[in-house]
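J.: The sequence and its predicted three-dimensional model are supplied below.
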Amino acid sequence: MTKSWLITSVMCAAFFAAQAQVDRDGEPLSWNILQQLPTSSIWNALPEVDHALLIAEDAAAFEDKSTPLRFAKSSLVDYSNLNSGRWTNLNNGDRIWMLGIESQGAFSIGLSFSNFDLPQGASIFVYTENHTDYIGPLTLADNKLGQIMTLPPVHGDKIIIEYYEPYAYRGQGEFNISSVAHGYRDLKDQTILEQNNCMIPFTGSTSATRLNNASSSVLMMIVDNGQRIATSALINNSSNDGTPYVFAAESALIGAPSSWLFLFDVVGSGCYNANTVCWNRAICGAQVVHTDEVHGISLLRLKNTPKKTWSAFYSGWQLGEVEGEVKINCIQNAFGLPQTVSTYNGILQNEIWNDWQVASFPDWTTGQAFKGAIGSPVFDDSMRLVGIYLGGDGNCDQVGTERFASLASSWAEFEEYLDPLSIAPNNLEGIYPILSSSSHSAEDILIFFFPNPAREWIYVQNKSDNSISLIEIRDASGRLVDAFKPLVPTVDVSAMPEGIYSITFVMRDKRITQKLLVR
């Protein structure tokens, strides 16, 4: 099975670019038509990249875990459908443009677009010469004018960009490839685990639900025009509304925010296979909501909400003390590999490091963090996020000091975003959010209930013409708490624990879901 990629973004608010979700749906047209397309003259060879020189450049700071991992070298180019590649007219009047890029010896090739403007019906695919790996289709829903868009890297040293343009819109599409990232480190190299035998791969557990949930909140980041890797984490807020907030390390935010990639569920030994479906879920683009420069962490908002089918977990958080005896866990994409874990049991200290106020401890008890772990979430023993990993100087052969930014210390900076309802003074549970439609009919407004927040009961008012046949109440994790046919307008909630719930009113073929807060 070939690896798939998903680049997503939608219109979220005024400051977001208008884009839509793009699934890998179908295959490039040239793979499935009888007409032969000439490819001998489409190739452009990039200058040779000296892997040894780049690795030598990295060596001086390779043990410095306070910066992202560089795995690719980006080169400026100027390729477009107006000045490069080759057009082929199809028998029905449509046409296909193809451009081949070869970067000899590359483990992967990534592209960045400085302009992307496709017409209705047009599409772009990027794929390997042997058709084992591809991205697409990209369509007009992905149009980005005046913003940089970086695609995930494709495995191999030769790729083809294929643009299909229907006859009705001939000449209306335009795009510019502004840089190509040559991957000089192999992100599928399993021998790195053997060379760093203190790394502990995350394998999941059928009995450790909280650990599995936390893993589903951890994201691999690709920044700096597809050149560097860091880690980040989805975080919940007290509205439990699925706002895609992400915590990251400030020093990892390199390049244009519109070009940052966030990869979901990069976990498991299958990710090392050349043609595996592993990096098949990604969101391109984010906005920096707020940065705490004193502690070195930033809160981002993704350009799009992760699809419900991804089962992305929004981590809970805890405002605990950063001194005294603790048990903490860290999940990271160190070296750009699938998730690994490290733990610490012991005493934390406060110190100033790299001009940041951090919590520090004398190395990990089990496991280890490496380059690329910057921005990793640090969880308490209940797997609630308590901080963001910023770096350290330990490795498998050397005991060092590890540091993270404490969420408790930064709380004043992020409280308005993570606790907008002012109901979670100390902690908040994580959730698999209940995603609802962004549009509501007039009938939705005719059904409402009060009081909200509620303590003992709610009173449901139905001013629509349709009766309510069923009421469903689910908790923040989506678990069904109660379902019943309403006989009276009053609903007893006195036995329900405090928290955020969703209440759904079922009316014939319609379901209306609203939030319910029980205190």
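T.: In hand now; what should we look at?
J.: only C-alpha atoms for contact and neighbour calcs from this point on.
T.: OK.
J.: so when I look at residue 448, I'm seeing a helix, right?
T.: No: per DSSP: H, G, I helix; E, B strand; the rest coil, residue 448 lies outside any helix segment and is strand.
J.: so what's it closest to, chain neighbours aside?
T.: Nearest residue to residue 448 in three dimensions, chain neighbours excluded: residue 461, at 5.5 Å (Cα to Cα, 6 or more residues apart in numbering).
J.: my guess is that neighbour contacts residue 449, does it?
T.: Yes: with contact defined as Cα atoms under 8 Å, residue 461 counts as touching residue 449 (5.9 Å).
J.: The two: which is more packed in?
T.: residue 449 (18 against 13; other Cα atoms under 10 Å).
J.: so what's the more buried one up against?
T.: Applying Cα atoms under 8 Å, 6 or more residues apart in numbering to residue 449 gives the contacts 458, 459, 460, 461.
J.: Residue 477: which of these is nearest?
T.: Residue 477 lies nearest to residue 458 out of the contacts of residue 449, by Cα to Cα, at 21.5 Å.
J.: Buried ones among the contacts of residue 449?
T.: Among the contacts of residue 449, those scoring as buried are 458, 459, 460 (criterion: 16 or more other Cα atoms under 10 Å).
J.: Would you mind pointing out the helix or strand the residue nearest to residue 448 falls in?
T.: For residue 461, the enclosing helix or strand under DSSP states H and E is strand 457-462.
J.: just residue 84 next, same as before
T.: Assigned by DSSP H and E, residue 84 falls outside every helix and strand.
J.: rewinding a little: now tabulate the buried ones among the contacts of residue 449 in JSON lines and tack on pLDDT and distance to residue 377.
T.: Listed next are the buried ones among the contacts of residue 449 as JSON lines, based on pLDDT from 0 to 100; distance: Cα to Cα, whole Å:
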{"residue": "458", "pLDDT": "87", "distance to residue 377": "38"}
{"residue": "459", "pLDDT": "78", "distance to residue 377": "41"}
{"residue": "460", "pLDDT": "84", "distance to residue 377": "41"}
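J.: what about this structure, any weak spots by pLDDT?
T.: 1-26, 205-207, 274-277, 321-324, 435-445, 465, 488 (pLDDT under 70).
J.: What helix or strand is the residue nearest to the spatial centre of the chain located in?
T.: The structure's the chain has its C-alpha centroid closest to residue 262; by Cα atoms, centre = their mean the separation is 3.1 Å. According to DSSP H and E, residue 262 maps onto strand 261-264.
J.: which stretches of the chain form helices?
T.: 51-59, 191-195, 209-215, 407-418, 442-445 (DSSP state H).
J.: Quickly compare these and say which is most buried.
T.: helix 209-215 (a mean of 20; mean count of other Cα atoms under 10 Å).
J.: from the middle of its chain, how far away would that helix be?
T.: 16 Å (Cα atoms, centre = their mean, to the nearest Å).
J.: now what about that helix, what contacts it?
T.: Against helix 209-215 from outside (Cα under 8 Å, 6+ apart): 204, 205, 265, 313, 315, 331, 339, 382, 383, 384.
J.: what's near enough to touch residue 382?
T.: Residue 382 neighbours (Cα under 8 Å, 6+ apart): residue 210.
J.: Tell me which of the helices of the chain sits nearest to residue 235.
T.: helix 407-418 (8.1 Å).
J.: quick one, strands of the stretch 1-150 of the chain?
T.: 7-8, 43-45, 69-70, 72-80, 86-89, 95-102, 108-117, 123-128, 134-138, 149-150 (DSSP state E, counting those that start in this stretch).
J.: Let me fix that, I meant to ask about the stretch 351-500 of the chain.
T.: 356-361, 377-379, 385-392, 402-406, 427-428, 447-450, 457-462, 470-475, 480-484, 490-492, 499-507.
J.: List just the one of those strands that sits closest to residue 87.
T.: Closest among the strands of the stretch 351-500 of the chain, using Cα to Cα: strand 377-379, at 47.7 Å.
J.: Contact partners for the residue lying closest to residue 371 once chain neighbours are set aside?
T.: Leaving aside its chain neighbours, residue 371 sits nearest to residue 65 (4.8 Å; criterion: Cα to Cα, 6+ apart). Residues in contact with residue 65 (Cα under 8 Å, 6+ apart) are 369, 370, 371, 372, 373, 374, 390, 391, 392, 393.
J.: For residue 198, give its distance to residue 343.
T.: As judged by Cα to Cα, to the nearest Å, residue 198 and residue 343 stand 12 Å apart.
J.: ugh, typo on my part, it should be residue 126
T.: For residue 126, the distance to residue 343 - Cα to Cα - is 40 Å.
J.: Distance to residue 233 and mean neighbour count for the strands of the stretch 1-150 of the chain - can I get that in a markdown table?
T.: As requested, the strands of the stretch 1-150 of the chain are exported to a markdown table (distance: least, Cα to Cα, whole Å; neighbours: other Cα atoms under 10 Å):
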| stretch | distance to residue 233 | mean neighbour count |
| --- | --- | --- |
| strand 7-8 | 17 | 25 |
| strand 43-45 | 38 | 15 |
| strand 69-70 | 17 | 26 |
| strand 72-80 | 23 | 17 |
| strand 86-89 | 42 | 17 |
| strand 95-102 | 34 | 21 |
| strand 108-117 | 23 | 22 |
| strand 123-128 | 28 | 22 |
| strand 134-138 | 24 | 24 |
| strand 149-150 | 20 | 28 |
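J.: Reformat those as JSON lines; add distance to residue 255.
T.: Output for these, formatted as JSON lines (distance: least, Cα to Cα, whole Å):
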{"stretch": "strand 7-8", "distance to residue 255": "18"}
{"stretch": "strand 43-45", "distance to residue 255": "26"}
{"stretch": "strand 69-70", "distance to residue 255": "13"}
{"stretch": "strand 72-80", "distance to residue 255": "12"}
{"stretch": "strand 86-89", "distance to residue 255": "31"}
{"stretch": "strand 95-102", "distance to residue 255": "23"}
{"stretch": "strand 108-117", "distance to residue 255": "12"}
{"stretch": "strand 123-128", "distance to residue 255": "23"}
{"stretch": "strand 134-138", "distance to residue 255": "22"}
{"stretch": "strand 149-150", "distance to residue 255": "11"}
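J.: Can you say which of these is nearest to residue 414?
T.: Of all the strands of the stretch 1-150 of the chain, strand 7-8 comes closest under Cα to Cα, at 26.0 Å.
J.: For residue 223, which non-adjacent residue is spatially closest?
T.: Nearest non-adjacent residue to residue 223 (Cα to Cα, 6+ apart): residue 260, at 5.0 Å.
J.: show me the contacts for that neighbour.
T.: 150, 221, 222, 223, 224, 225, 226, 284, 285, 286.
J.: Show me which pair in these is furthest apart.
T.: Once Cα to Cα is applied, these give 226 and 286 as the farthest pair, at 14.7 Å.
J.: Those two: which is more packed in?
T.: Each of residue 226 and residue 286 has its neighbours counted (other Cα under 10 Å); residue 226 has more, 31 against 23.
J.: wait, doesn't the more buried one sit right on residue 181?
T.: Yes: using Cα under 8 Å, residue 226 makes contact with residue 181 at a distance of 6.1 Å.
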